[in-house]
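Q: Sequence below, structure please.
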Amino acid sequence: MNFSDFIKDNGKRISKEHYRHLIQVSKADGNIKPEELELLHKEGRKFGLTDPEIDQLIDSEASHYDPPYPLQEKFDHLYNLAEMILADESVSEGERKLLKRFAIEAGFSDKTIAKLIELLLTGIQNGEDEETLFRRFRAEILFQD
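A: Sure thing, here's the model as predicted:
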């Protein structure tokens with residue numbers, strides 16, 4: 001597949017690894033629900049991928065995570081993963097554990113992970129955008145612990 005290392009969405013650079021992480025989250029509960037598959041295809045098409053290319057990525061997905069270094073980018077990854085988890089409007093224990101695993105691997109402290117996950121899941125369910133949640137994370141969680 002001819003898929004560059006970085007794809008752009010509204011001026012943001014998003015790595016293909018991040019897209020693969022979205023696939024991992026969608027598979028966390030053992031299968032990809034129709035709502036999750038629809039979101040994966042929607043996101044993939046934004047990056048110029050064809051449906052067969054998206055299906056190939058979904059079929060070949062491995063479970064490696066290489067987190068970014070900047071805090072904002074780490075948060076952005078977790079926000080996108082939480083969005084994928086909520087695509088089917090339910091959160092399984094496996095999905096919650098996978099989100100926690102990504103947060104641990106991204107270097108968030110044990111003291112902040114549970115609060116961060118709740119902030120993301122609740123905030124997204126309430127329609128809050130990524131920037132608003134990041135500001136809340138920095139103000140209410142990151143600098144409080």
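Q: got a list of what the closest residue to residue 136 other than its chain neighbours touches?
A: With sequence-adjacent residues excluded and distances taken as C-beta to C-beta, 6 or more residues apart in numbering, residue 136 is closest to residue 119, at 6.3 Å. C-beta coordinates here come from the backbone N, C-alpha and C atoms, glycine included. By C-beta atoms under 8 Å, 6 or more residues apart in numbering, the contact set of residue 119 is 133, 136, 137, 140, 141.
Q: okay, who's weakest in those residues by pLDDT?
A: Here the lowest pLDDT out of the contacts of residue 119 sits on residue 141, with 84.
Q: count of neighbours near that residue?
A: 19 (other C-beta atoms under 10 Å).
Q: do you know how far residue 135 is from residue 143?
A: Separation of residue 135 from residue 143 (C-beta to C-beta, to the nearest Å) stands at 11 Å.
Q: pLDDT (mean, whole number) over the one helix or strand residue 95 maps to?
A: Assigned by DSSP states H and E, residue 95 belongs to helix 93-105. Here helix 93-105 scores 85 as its mean pLDDT.
Q: can you pull the buried residues of it?
A: 95, 96, 98, 99, 100, 102, 103 (16 or more other C-beta atoms under 10 Å).
Q: hang on, the earlier thing: give me the buried entries from the contacts of residue 119.
A: 133, 137, 141.
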